[in-house]
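Colleague: Build me a model:
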Amino acid sequence: MAMTPYSGDTSVIGKLGTTPQERGLTTQQFKDKFDEGLKTFVEWFNETHNGEINEHMADMAAHGGTYRKNLLHNWDFRNPVNQRGQTEYTNIAGAVGGLTIDRWRISDGGTVRIKNGSIELESTYWLVLSQSIENPHLYDGKTITVSVEIDGQIYSATEFVNFSKEINPLFAMAYFPGGVAELEYVTQPNVFRFRFRINSGSTVSNITRAKLEFGSISTLANDPPADYGEQLLLCKRFFRLWTTGAARTEALKEVGLMRIPNPTLDTISIGGTTYYYASADLSW
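Modeller: Modelled structure (predicted):
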């Protein structure tokens, strides 16, 4: 609808001053009024929000000014997810072994022991305890840090990930007495993994935590304990138990969470009871 301009009489009923002088103030008086209003606003803002800001800043400072997610699963060995229920897992020298605590696989010769609040690794022949990392291509070209806590001491190392620099590159090798924590990329088979590599004939005790994160510093020292329920759910993606083979068969017809099309089927004994499992583990 077209609008017709008003053509009648008009009168000025007032004018909004846009300068100090139009408001009857000197420039200094105007500035003082503005500063007074700003000061009132800042005091209100500080009183309302400073508590949570200070709490947040203190939390950030405790992490070196950074918060970074731990990219490993079941990384808190003070209370590890251990659905297989054993206190020791042993492997013969030179062999690619099986799973130990959830998401961690043993290779070569030695034993993984579950202690009260830590794990212990005893090597007879270059023991390797490793965890596969999902989606390796997302790490290429990134700076990463690996770290491990042993006897309360943090050992860490940082490296730029470049898969093309050699055939089977190692990244971020954090040396500690008796071994090293590192990232390894293997092309045959194609595997990207975090691993502990323990020197032949060595025993490393009181391993409490490990971390893989983006960035150039370790933030492990002040991380809170892992949420056990969260870690359990992550680990349950890879290992499932049933009380009978028939129950397993029926469940697998419906389960949509398996990570590979054909899970490995086998049995294990826990506390004298035989369980039927379906393992959908990632490659070692």
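Colleague: ok, now which ones touch the residue nearest the centre of the chain?
Modeller: Centroid check for the chain by C-alpha atoms, centre = their mean gives N70 as the closest residue, at 1.8 Å. Contacts for N70 (C-beta atoms under 8 Å, 6 or more residues apart in numbering) come out as 211-213, 220, 223, 226. Where you see a C-beta, it was placed from the backbone N, CA and C, and this is true even at glycine.
Colleague: Could you tell me which of the residues you listed belong to helices?
Modeller: Nothing among the contacts of N70 maps onto helices, per DSSP state H.
Colleague: related to what we said a few turns ago, shouldn't the residue nearest to the centre of the chain be within a helix?
Modeller: No: using DSSP: H, G, I helix; E, B strand; the rest coil, the assignment for N70 is coil, not a helix.
Colleague: Phi and psi next, for it.
Modeller: phi -80, psi 120 (degrees, to the nearest 10).
Colleague: Make a ChimeraX selection of whichever of the contacts of N70 turn out to be buried.
Modeller: Entered in ChimeraX, the line below selects the buried ones among the contacts of N70, by 16 or more other C-beta atoms under 10 Å:
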select :211,212,213,220,223,226
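Colleague: Restricted to strands, list the contacts of N70.
Modeller: 211-213 (DSSP state E).
Colleague: pLDDT and distance to R197 for those - can I get that in JSON lines?
Modeller: Formatted as JSON lines, these follow (pLDDT from 0 to 100; distance: C-beta to C-beta, whole Å):
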{"residue": "K211", "pLDDT": "98", "distance to R197": "17"}
{"residue": "L212", "pLDDT": "97", "distance to R197": "15"}
{"residue": "E213", "pLDDT": "96", "distance to R197": "20"}
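Colleague: Looking at these, which one is closest to T244?
Modeller: Of all the ones in strands among the contacts of N70, T244 sits closest to L212, with 38.1 Å by C-beta to C-beta.
Colleague: how about the closest residue to the closest one other than its chain neighbours, what does it touch?
Modeller: Leaving aside its chain neighbours, L212 sits nearest to L71 (4.4 Å; criterion: C-beta to C-beta, 6 or more residues apart in numbering). By C-beta under 8 Å, 6+ apart, the residues touching L71 are 133, 211-214.
Colleague: Kindly provide the distance from L71 to T27.
Modeller: For L71, the distance to T27 equals 59 Å [C-beta to C-beta, to the nearest Å].
Colleague: what's the answer for A181, then?
Modeller: 66 Å.
Colleague: Comparing the two, which shows the higher neighbour count?
Modeller: Applying other C-beta atoms under 10 Å to A181 and T27 shows that A181 carries more neighbours, namely 25 against 10.
Colleague: Which of the helices or strands spans that one?
Modeller: Here A181 is covered by strand 179-187, with elements defined by DSSP states H and E.
Colleague: on contacts alone, who are the packing partners of that strand?
Modeller: Using 3 or more C-beta pairs under 8 Å, 6 or more residues apart in numbering; DSSP states H and E, the elements in contact with strand 179-187 are strand 119-132, strand 143-150, strand 153-160, strand 170-176, strand 190-198, strand 203-214.
Colleague: Might you calculate how far the shortest one sits from the centre of the chain?
Modeller: Centroid separation for strand 170-176 versus its chain: 18 Å, with C-alpha atoms, centre = their mean, to the nearest Å.
Colleague: repeat for the longest one
Modeller: The gap between the average C-alpha position of strand 119-132 and the chain average comes to 21 Å, counting by C-alpha atoms, centre = their mean.
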